[in-house]
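Enquirer: Give me a model of this one.
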Amino acid sequence: MPILVTGAAGFIGFHLCKRLLAEGEQVVGLDNLNDYYDPALKRARIAEISGAPGFRFEVLDVVDARALGALCDEARPGVVVHLAAQVGVRYSVQDPAAYLQSNIVGFFNVIEAARRLGAQHLVYASSSSVYGGCDETPFSVRHNVDRPLSFYAASKKSNELMAHVYSHLHGLPTTGLRFFTVYGPWGRPDMALFKFTRAILAGEPIEVYNRGALRRDFTYVDDIVEGLVRVMRRPPPDAPYRLYNLGRGEPVELERFIELIEAELGKKAIRNLVPMQPGDMEATWAETDDLERDVGYRPATPLEEGVRRFVEWYRSYYREAP
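Expert: Now for the predicted structure:
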């Protein structure tokens, strides 16, 4: 049976599809190719894998329950990996309605389709943002996360609650993964690594939020995909509901992150120190014990290596001189 990947033209979805296809899996990918960021980048990702045997791609929005249901009825996926979502903490302050539709209505449509199909496993993307006002670190899935700081975080916490209900009522095996600051080649233009690289090369200032007093648990995209693949192939053996952190477990100071980018580019950043943004978090830090215990995995790519690979890709994709 094929694997359904929603958000297949997105950053993580593209890398996951590429990995699954390389392993000989049949993959049905869907994406609405919206313009939250440059759709040309999304189309370029799909072009990279469109000729692979076993790959089918459909332009489809998960908010469209009828179209989604028709595709699922035809394809009959055994496993559903739900990565489609409206992303971005700061944008959720401006347009919360987009998050209501994509992240809550869309999630419901996907989980209902998975239930109706009798899917073997639904794996879905949550976010480290759900930890919001949590004071304990490192963040554990056993911590209380009832104090989200953004509507984006609230939408992701809602996904976890909906999954719990479907697992409890219908026995649908679900696993939620709280991703921690994913970065790497083909990354999103709204993320810090992409924005900083572009601005530094152009000689433009970078905005350093909270005047640099931020720490992030940066996790390389190949490590995220490895965790996804291991989890999706291990449906919950006992209780049908699981939740894991998927992060490296090593928060890095924002200033150190900027220094690594400067070193790879051979050019200094012009820093514009600005206040904390509404809905943002001062630090993220994943506890990974549960993931290590259950699937024997913990992300390990050093930040230096991951930044180097991103810069290599960026220079090649945009034909920037070294």
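Enquirer: all contacts plus neighbour counts: C-alpha atoms, from now on.
Expert: Will do.
Enquirer: per-residue confidence at the closest residue to residue 156 other than its chain neighbours?
Expert: Spatially, and ignoring its direct neighbours in sequence, residue 156 is nearest to residue 126 (5.4 Å; CA to CA, 6 or more residues apart in numbering). Looking at residue 126, its pLDDT stands at 98.
Enquirer: cool, residue 129 as well?
Expert: 97.
Enquirer: and the gap between it and residue 150?
Expert: Note on residue 129: its distance to residue 150, by CA to CA, to the nearest Å, is 8 Å.
Enquirer: what is in contact with the two at once?
Expert: residue 89 (CA atoms under 8 Å, 6 or more residues apart in numbering).
Enquirer: Please identify which of the two sits among more neighbours.
Expert: With neighbours defined as other CA atoms under 10 Å, residue 129 and residue 150 compare such that residue 129 has more, 27 against 22.
Enquirer: List the residues that contact that one.
Expert: So residue 129 contacts 89, 148-150, 152-153, 281 (CA under 8 Å, 6+ apart).
Enquirer: how about those residues, which pair is most distant?
Expert: 152 and 281 (12.4 Å; CA to CA).
Enquirer: Looking at those two now, which is surrounded by more residues?
Expert: Between residue 152 and residue 281, residue 152 has the larger neighbour count (other CA under 10 Å), namely 28 against 22.
Enquirer: Pretty sure the more buried one sits against residue 94.
Expert: No: at 10.9 Å, residue 152 does not count as touching residue 94 under the criterion of CA atoms under 8 Å.
Enquirer: Flag every buried residue along the longest helix belonging to the chain.
Expert: Criterion DSSP state H: the longest helix present in the chain is helix 151-170. By neighbour count with 16 or more other CA atoms under 10 Å, helix 151-170 contains the buried residues 151-160, 162-164, 166-167.
Enquirer: Kindly report the same for stretch 29-46.
Expert: 29-33, 41-42, 45-46.
Enquirer: And for stretch 181-190?
Expert: Buried, per 16+ other CA under 10 Å, within stretch 181-190: 181-189.
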